[in-house]
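Q: Would you be able to build a 3D model of this:
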Amino acid sequence: MPSGSLRSINRRELARLIGAGGAALAAGLPAGPLYAQARRDTLVIGLDISDTVTFDPVRMAQYTPPMTLFACYDSLMTMAPDDYITPRPSLATSWARTPDGRGWRFTLRDGVRFSTGNTMTAEDVAFSFNRLINMKEQTQQYIKAIDRAVVVDPRTVDLVMNDPKAPVLTVLCAPGFGLYDARAVRAQGGTDAADAKEKDKATDWLNQNSAGTGPFRLVRWERNQQIQLVRNPTHWRGAPAFERVVIRHFSDSAAQLLAVRRGDIQAAFNLIPEQIATLKDERDIRVEQKTSLDFVYMAVTENPQLNATLARKPARQAIGHAIDYDGIIGALLGGAAVRPAHFLPIGVNGSTPEIAREIGFRQDLGRARALLAEAGVPNGFSFELSYGQAAVAGVSYQLLAQKIQADLARVGIEAKLNPMDQVNLRTQFTGGRSSAVLTFWNPPAVENELWAAATVERVARRVGWTPPPDYAALVQRAATEPDTAKAAELWVEYQKRMVDQAHLIMLFQPVYQVAVRSSVAAFPLTAAGWMAELGGARPA
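A: Below is the predicted model:
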């Protein structure tokens, strides 16, 4: 699609093009033996993995890698697929405050072995955390309240904190805090020393191998092609039911639909609503659903060097009031989504559908035009809208961008479309060089403070905004408030302030809809940020 074009694709027309027959689509499937029909002992998944850049847990980012990381690495604690509040034992059997009250002490599970064959000790736990802290990657920001890990004895480790009140237990359940074999990672150039950011050399090896205690281990990753996992027979919960897992890259949902119908894959993650609807009468395919904690949003800069008009708050607010959110959810997603007011997804403390309707943006073209006049551009303005050449939650960013482009054009705002490779998009956005971006947010862990703190810290920098000090103070108060009801009030106030700034415009929070063949008896989806628990999958 040329930049600036207003042409849109009708969804019924698109559905006719992809059709149910699929004969013309066969050419869209990658050729060769990779697409032989799935065997009973192998779970084959279709997923757009174009955003994957690494499988080093320390460098965890993007939308799809956490599913693989969760399959290969266990954390100290975990969460059940339908309970995102209560941490449960995993590699730690119990935890309590340290004697001085300034940290957390974890008692480790006995006899756990890594996929390398080595037995896990507190030394491995300390190495994993100290490497993460000293690498100073984005994942470290999620536990910035932790200074270091200290070995107490072979089965006990302390996490020493600089802010004892900071919420960390729920955060530690996430795949980015998976533990790995210190001996194996050191042998590949890994280090947990203070200069790890400059000296650590283990990432390249970890991109093709894993050294965790998870139900599977990584044996191969080919970017934009496939990920291969094999069973860890010594997993402490027992060996997983499938011997192998293959995650195959599909950038095209029509090719995914054809593949799941043919039995080349057993689960398809990126089908659009029309395709899901065609499966309702399929005897051998069911649709698994789960309301996610992810969301898709538009980030809008206020950096005047990138766009002088967007530096004016009323202009950004005009964008927020020009978008047809109901149309996005109804027409593009078939109703399989909800919409939060801001960066706290529906379902967590302080975020409900009622609150979202009360304080979130809603389409009001008259108000949008008035805001444009207030910004000094009554006839509108133009800006560049970047997005990945990929799909999310069953809809392509291209189609979403076209819909938003048409909505904004109704009030005279011209969105010049700029599709990009997913990795290049992330590099540009995180470097603060984007006027506006369509992107996603999936939880690195289920914790309000992580979502909210990001918006007043690193995401704020990406959109060229310096928040007033009281914004960060409000997030801190809400995160440390022990009374749930009072905390909810503070989180609502946070959302009101952020909606007013109009840098981050929520578009939708999807309901996962995954097509699963009947040859798979169990395929546990989760909204906790890692999409599916592959270790719990079972063949029929």
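
Q: From now on I want contacts and neighbour counts done on CA atoms only, so please keep to that.
A: OK.

Q: So for residue 90, what's the nearest residue that isn't a sequence neighbour?
A: Once flanking residues are discounted, residue 90 sits nearest to residue 77: 4.6 Å by Cα to Cα, 6 or more residues apart in numbering.

Q: Then residue 240?
A: Excluding its sequence neighbours, the residue lying closest to residue 240 (Cα to Cα, 6+ apart) is residue 535, at 5.4 Å.

Q: so what's that neighbour up against?
A: Residue 535 is in contact with 71, 215-216, 240-241, counting by Cα atoms under 8 Å, 6 or more residues apart in numbering.

Q: Same list, the residues you listed, but as TSV with pLDDT please.
A: Formatted as TSV, those follow (pLDDT from 0 to 100):
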residue	pLDDT
71	97
215	98
216	98
240	97
241	97
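
Q: With secondary structure, neighbour count and distance to residue 163 added, can I get these in a markdown table?
A: Formatted as a markdown table, the contacts of residue 535 follow (DSSP: H, G, I helix; E, B strand; the rest coil; neighbours: other Cα atoms under 10 Å; distance: Cα to Cα, whole Å):
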| residue | secondary structure | neighbour count | distance to residue 163 |
| --- | --- | --- | --- |
| 71 | helix | 26 | 31 |
| 215 | coil | 30 | 34 |
| 216 | strand | 31 | 35 |
| 240 | coil | 21 | 39 |
| 241 | coil | 17 | 42 |
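
Q: Closest one of the residues you listed to residue 502?
A: Set against residue 502, the nearest of the contacts of residue 535 by Cα to Cα is residue 71 (37.2 Å).

Q: Contact partners for the closest one?
A: If you count contacts by Cα under 8 Å, 6+ apart, residue 71 has them with 214-217, 533-535.

Q: at 7 Å instead, please
A: Neighbouring residues of residue 71 by Cα atoms under 7 Å, 6 or more residues apart in numbering: 214-216, 533-535.

Q: What number of neighbouring residues does residue 485 come out with?
A: 12 (other Cα atoms under 10 Å).

Q: how far is the helix or strand in which it is found from where the chain is centred?
A: Under the criterion of DSSP states H and E, residue 485 resides in helix 484-501. Mean C-alpha position of helix 484-501 versus that of the full chain (Cα atoms, centre = their mean, to the nearest Å) differs by 23 Å.

Q: ok, and for that helix, which residues are buried?
A: Buried residues in helix 484-501, counted by 16 or more other Cα atoms under 10 Å: 487-488, 490-496, 498-501.

Q: where does residue 289 fall, helix, sheet strand or coil?
A: Secondary structure assignment for residue 289 (DSSP: H, G, I helix; E, B strand; the rest coil): strand.

Q: do you know how far the closest residue to it other than its chain neighbours is from residue 340?
A: Using Cα to Cα, 6+ apart and skipping residues adjacent in sequence, the residue nearest residue 289 is residue 513, 4.7 Å away. Distance of residue 513 to residue 340, given as Cα to Cα, to the nearest Å: 19 Å.

Q: ok, now residue 501?
A: Note on residue 501: its distance to residue 340, by Cα to Cα, is 16 Å.

Q: any idea how far residue 327 is from residue 402?
A: Relative to residue 327, and taking Cα to Cα, residue 402 is found at 12 Å.

Q: next one: residue 517
A: Residue 517 is 31 Å from residue 327, by Cα to Cα.

Q: Looking at those two, which is more packed in?
A: Using other Cα under 10 Å, the more surrounded residue of residue 517 and residue 327 is residue 517, with 23 against 15.

Q: and that one, how far is that from residue 490?
A: From residue 517 over to residue 490 (counting by Cα to Cα), the distance is 44 Å.

Q: before we move on, what about residue 518?
A: For residue 518 relative to residue 490 (Cα to Cα), the value is 46 Å.

Q: Who are the contact partners of residue 449?
A: Counting by Cα under 7 Å, 6+ apart, residue 449 has contacts 475, 479.

Q: how distant is the helix or strand where it lies from the center of its chain?
A: Assessed by DSSP H and E, residue 449 sits inside helix 448-455. Going by Cα atoms, centre = their mean, the spacing between the C-alpha centre of helix 448-455 and its chain's C-alpha centre is 14 Å.

Q: Run through the bridge partners of the residue nearest to residue 90.
A: With DSSP bridges as the criterion, residue 77 is bridged to residue 89.

Q: quick one: the most centrally placed residue in the chain from residue 102, how far?
A: In the chain, the residue lying closest to the centroid (Cα atoms, centre = their mean) is residue 442, at 2.6 Å. According to Cα to Cα, residue 442 stands 30 Å off from residue 102.

Q: likewise residue 158?
A: From residue 158 over to residue 102 (counting by Cα to Cα), the distance is 10 Å.

Q: out of the two, which sits in the busier spot?
A: Taking other Cα under 10 Å, residue 158 and residue 102 do not tie; residue 158 has more neighbours (23 against 15).

Q: who does the helix or strand containing the more buried one pair up with?
A: For residue 158, the host element (DSSP H and E) is strand 156-161. Partners of strand 156-161 in the sheet, by DSSP bridges, are strand 103-108 (antiparallel), strand 146-153 (antiparallel).

Q: avg pLDDT for the shortest one?
A: Average pLDDT, strand 103-108: 98.

Q: which residues in the stretch 301-450 of the chain form strands?
A: 337-338, 382-388, 391-392, 395-396, 414-420, 436-441 (DSSP state E, counting those that start in this stretch).

Q: Could you find the closest non-adjacent residue to residue 67?
A: Nearest residue to residue 67 in three dimensions, chain neighbours excluded: residue 530, at 4.3 Å (Cα to Cα, 6+ apart).

Q: Tell me the one among the buried residues of helix 484-501 nearest to residue 428.
A: Using Cα to Cα, residue 501 is the member of the buried residues of helix 484-501 that lies nearest residue 428, at 22.0 Å.

Q: what sits against that closest one?
A: residue 313.

Q: Residue 62 now?
A: 51-52.

Q: And the pLDDT at it?
A: At residue 62, the model reports a pLDDT of 75.

Q: Please apply the same query to residue 294.
A: What the model reports as pLDDT for residue 294 is 86.

Q: In contact with the closest residue in space to it that isn't next to it in sequence: list those residues for me.
A: For residue 294, ignoring the flanking residues on the chain, the nearest one in space by Cα to Cα, 6+ apart is residue 442 at 4.4 Å. When contacts are counted by Cα under 7 Å, 6+ apart, residue 442 touches 63, 293-295, 529.

Q: If you rank those by neighbours, which is first?
A: residue 295 (27 neighbours).

Q: Next up, the contacts around it.
A: 440-442, 508-510.

Q: Same check on residue 510?
A: Contacts of residue 510 by Cα under 7 Å, 6+ apart are 291-292, 294-295, 336-338, 393.

Q: And residue 187, by the same measure?
A: With contact set as Cα under 7 Å, 6+ apart, residue 187 has no partners.

Q: can we see that at 10 Å?
A: Applying Cα atoms under 10 Å, 6 or more residues apart in numbering to residue 187 gives the contacts 201-202.

Q: Specify the local secondary structure of residue 521.
A: State at residue 521, reduced to three classes by three-state DSSP: strand.
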